[in-house]
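Asks: can you look at this prediction? I've put the sequence above it.
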Amino acid sequence: MKDVKTFVIVPTFNEADNLDDLVKRLLDLPVNLGVIVVDDNSPDGTGDLADAWAVRHPNHVHVVHRAGKLGLGTAYIAGFKKALFELDADRIMTMDADFSHDPRYIPAMIEMSQDKHVVIGSRYVPGGGSKNCTWKRVMLSRVSNFVVHLLLGLKAKDATAGFRLYRREVLESIPLDEIFSSGYSFLVETLFMCQRRGWQIGEVPIIFEDRRKGTTKISRQEVYKAQYTIFRLFLRRLRGGEPRRPAIPVS
């Protein structure tokens, strides 16, 4: 069997209603793909479901168990380290477990990664959009993107998206343990560091669909944390605290 070089990190907390369907759809894609489930000790048994998949598909499904709900950003970092240092991945993807990120877009994202270092599944490029989202959620996303474009100079149209692909060299260039954000603002901080380091970023249009099962994990506290992160990164940008490097050619 051909070695798996692309892994999708799926952070989970109480996603038992979605996990089986998601993993099946990921493994059924016409690409050689692995899955890393990072479970935060879900009371609903999500971690046990992930373990069952890992037993059935030991080369393609891996599980990281954590003691509790420690934040989205730290879950991604745990998955990054698993993919980079244990599984020798060339491409590492991130996505939500609730089907707001449809697996069908993954082949196009992998294809674009031939020419880009980072690929975003984007709502805000031609062909992208949102479905079944409340006006409050759409407004929060729009305002957040406007602010990070204005204050941080981020060029990606969908700078807050969690559906992403990173090539190995990108994550190796970032001091993962020094990323301050632990929640959803981790996504903004990581993209800020990618752009400042000169990595080329592309976007594939997707339709983002609000979750059908389970409950949303975005809280008011997460919004406050994101505001603080943006302000902190803005000050870092003014001070020149983050290295600014010219665009790096795609090899």
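Replies: Cool, the structure landed.
Asks: what segments of this protein are helices?
Replies: Along the chain, the segments classed as helices by DSSP state H run 16-27, 46-56, 72-81, 106-112, 135-152, 168-172, 186-196, 220-239.
Asks: now the ones you listed as JSON lines including mean pLDDT?
Replies: Formatted as JSON lines, the helices of the chain follow (pLDDT from 0 to 100):
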{"stretch": "helix 16-27", "mean pLDDT": "97"}
{"stretch": "helix 46-56", "mean pLDDT": "98"}
{"stretch": "helix 72-81", "mean pLDDT": "96"}
{"stretch": "helix 106-112", "mean pLDDT": "98"}
{"stretch": "helix 135-152", "mean pLDDT": "92"}
{"stretch": "helix 168-172", "mean pLDDT": "97"}
{"stretch": "helix 186-196", "mean pLDDT": "95"}
{"stretch": "helix 220-239", "mean pLDDT": "84"}
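Asks: and of those, who's closest to residue 247?
Replies: helix 186-196 (9.8 Å; C-beta to C-beta). Heads up, the C-betas are built off the backbone N, CA and C, glycines and all.
Asks: so which of the helices of the chain is nearest residue 126?
Replies: If we rank the helices of the chain by C-beta to C-beta, the stretch that ends up nearest is helix 106-112, at 13.9 Å.
Asks: name the helices or strands packed onto the closest one?
Replies: Helices and strands touching helix 106-112, by 3 or more C-beta pairs under 8 Å, 6 or more residues apart in numbering; DSSP states H and E, are strand 91-94, strand 118-122, strand 164-167, strand 201-205.
Asks: what's it in contact with?
Replies: Contact with helix 106-112 is made by 6, 8, 26, 29-31, 33, 91, 93, 119, 121, 163, 165, 202, 204, as judged by C-beta atoms under 8 Å, 6 or more residues apart in numbering.
Asks: identify, from those, the entry nearest to residue 149.
Replies: Comparing the contacts of helix 106-112 against residue 149 with C-beta to C-beta places residue 202 closest, at 16.9 Å.
Asks: what's around the closest one, how many residues?
Replies: Neighbours of residue 202 under the rule other C-beta atoms under 10 Å: 18.
Asks: need the pLDDT of the nearest residue to it once chain neighbours are set aside.
Replies: Leaving out its chain neighbours, the residue that sits closest to residue 202 by C-beta to C-beta, 6 or more residues apart in numbering is residue 116, at 3.5 Å. Looking at residue 116, its pLDDT is 98.
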